[in-house]
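1. Next come a sequence and a model predicted from it.
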Amino acid sequence: MKRDLVIHGIYRHFKGDLYLVESLIYHSETKEPMVAYRSLYGDCRLWCRPLNMFLSEVDHEKYPDVKQKYRFELQEIKSKNT
């Protein structure tokens with residue numbers, strides 16, 4: 001199953017924190033696609049990770065108690081006004 005990256009989507013990391021995807025960016029030497037994403041807690045730091053790793057499944061051998069299937073999963077967040 002192909003998963004699409006949603007720019008400006010909010011994703012939950014399998015360890016529980018939320019992140020906002022800022023952009024799809026490219027490594028200057030290898031041209032590898034990478035995801036620029038911002039933590040939605042603390043200092044709201046900007047991070048990057050290879051696209052294929054961002055969209056990958058959780059290693060359930062290493063983390064057997066994790067219920068989430070993917071490392072980052074898109075969240076549906078509804079407005080309180082609707």
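-> Sure, I can see it. Numbering: from 1, shown residues only.
2. With adjacent residues omitted, what lies nearest to the spatially most central residue of the chain?
-> Central residue of the chain (C-alpha atoms, centre = their mean): F72, 4.1 Å from the mean position. Distances taken as C-beta to C-beta, 6 or more residues apart in numbering put Y11 closest to F72, at 4.1 Å, once the chain neighbours are dropped. Where C-beta positions appear, they are placed from N, C-alpha and C, glycine not excepted.
3. Past the helix or strand where that neighbour lies, which element shows up next along the chain?
-> For Y11, the host element (DSSP states H and E) is strand 10-13. Heading C-terminal from strand 10-13, the first helix or strand you meet, by DSSP H and E, is strand 18-26.
4. okay, stretch 31-42 in PDB with CA atoms only?
-> Output in PDB follows, covering the C-alpha atoms of stretch 31-42 (Å, rounded to 0.1, in the frame of the first residue of the first chain):
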ATOM      1  CA  LYS A  31      18.600  14.300  -4.000                       C
ATOM      2  CA  GLU A  32      17.000  11.900  -1.500                       C
ATOM      3  CA  PRO A  33      13.500  13.100  -0.600                       C
ATOM      4  CA  MET A  34      13.200  14.100   3.100                       C
ATOM      5  CA  VAL A  35      10.300  15.300   5.300                       C
ATOM      6  CA  ALA A  36      10.700  18.600   7.200                       C
ATOM      7  CA  TYR A  37       8.400  18.400  10.200                       C
ATOM      8  CA  ARG A  38       7.900  20.500  13.400                       C
ATOM      9  CA  SER A  39       7.300  19.200  16.900                       C
ATOM     10  CA  LEU A  40       4.000  20.600  18.400                       C
ATOM     11  CA  TYR A  41       5.400  20.600  21.900                       C
ATOM     12  CA  GLY A  42       8.200  22.200  23.800                       C
END
